[in-house]
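Enquirer: model this:
(one chain, ligands or ions: 1)
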Amino acid sequence: MAFQLIDLPFSRTTLGRFMSPETLDFHHGRHHRAYVDKVNKALGDDARGSLGDVIRGAKERGHTGLFNNAAQIWNHNFFWRCLAAPEGQRPLGKLADMIADEFGSIDQLLAKLKEEAVGHFSNGWAWLVLDRGKLAITSLHDADTPVVHDGMKPLLTLDVWEHAYYIDYRNERPKFAESVLGNIVNWEFVAQNLDGEGIGRADQEMEATELADA
Ligand code: FE
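Expert: Now for the predicted structure:
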């Protein structure tokens, strides 16, 4: 059994100039795929279970390499679901109310999230999470993931590894953060995660591997 690289939940041209097909080819087709390949190689053909099980097991046993690669699969699975075509989408309903109550406005929330993303030293992920029923902004280093943080309920993430922006934005993380957060966030997905079930939405099961041609 092995993990498959999930398909992107949109076409490679959907995100337009905010995230180009070339970026997606590299970020999804090479970086994300490399994490999947490394986890499958580390686990071997007899492995069974879900991605969440592998991440938590690797953490418990101190298998850092396996943890990093498996956590990165999950982080990317979640990240892709956080993106959608630039159609002027904004948060609606309960999510919009929570944002207004806790940040004043969507623009203030986005400014804070951008600040977290830009201020995060080196590789990692900026997060909007639900923390004891309230919205909170935080970030995690390298491959670290909400999957192993008790009570951290993920709503939205931004990948701030350089591989996320070097093609479209060169070295300019602030421009990348502003463009993505301001134009291609899938607020419907973010709102869905208010149920606290976000971790399960980026999990996946191993699948039977195809027999190699004789
Ligand atoms: Fe990435």
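Enquirer: when you work out contacts or count neighbours from here on, use the C-alpha atoms and nothing else.
Expert: Will do.
Enquirer: show me where this structure has its strands.
Expert: 124-131, 134-141, 153-159 (DSSP state E).
Enquirer: redo those strands as a markdown table? Include mean pLDDT.
Expert: Output for the strands of the chain, formatted as a markdown table (pLDDT from 0 to 100):
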| stretch | mean pLDDT |
| --- | --- |
| strand 124-131 | 97 |
| strand 134-141 | 98 |
| strand 153-159 | 98 |
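Enquirer: show me the domain layout of this protein.
Expert: According to automatic domain parsing, the chain comprises the domains 19-81, 93-198.
Enquirer: of the ones you listed, which is nearest residue 205?
Expert: Nearest to residue 205 among the domains of the chain is domain 19-81 (4.3 Å), distances taken as CA to CA.
Enquirer: before we move on, the earlier item: pick the most buried one from the strands of the chain.
Expert: strand 153-159 (a mean of 25; mean count of other CA atoms under 10 Å).
Enquirer: next up, the contacts around the residue nearest the centre of the chain.
Expert: Nearest to the mean C-alpha position of the chain, by CA atoms, centre = their mean, lies residue 79 at 2.5 Å. Shown in contact with residue 79 (CA atoms under 8 Å, 6 or more residues apart in numbering): 156, 157, 158, 159.
Enquirer: quick check, the second one in contact with residue 136.
Expert: No. Counting by CA atoms under 8 Å, no contact exists between residue 157 and residue 136, whose distance comes to 11.9 Å.
Enquirer: overlap in contacts of the two?
Expert: Taking CA under 8 Å, 6+ apart as the criterion, residue 157 and residue 136 both touch residue 128.
Enquirer: ok, back up a step: turn the contacts of residue 79 into a markdown table, columns for distance to residue 72.
Expert: Listed next are those as a markdown table, based on distance: CA to CA, whole Å:
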| residue | distance to residue 72 |
| --- | --- |
| 156 | 15 |
| 157 | 13 |
| 158 | 13 |
| 159 | 10 |
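Enquirer: relative to residue 145, which of those is nearest.
Expert: residue 157 (10.4 Å).
Enquirer: picking that back up, output the domains of the chain as CSV; include the columns distance to residue 9.
Expert: Converted to CSV, the domains of the chain look like this (distance: least, CA to CA, whole Å):
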stretch, distance to residue 9
domain 19-81, 7
domain 93-198, 11
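Enquirer: for residue 6, find the nearest of those domains.
Expert: Between residue 6 and these, the shortest gap by CA to CA is with domain 19-81, which sits at 7.2 Å.
Enquirer: can you give me the end-to-end distance of that closest one?
Expert: In domain 19-81, first residue to last residue: 14 Å (CA to CA, to the nearest Å).
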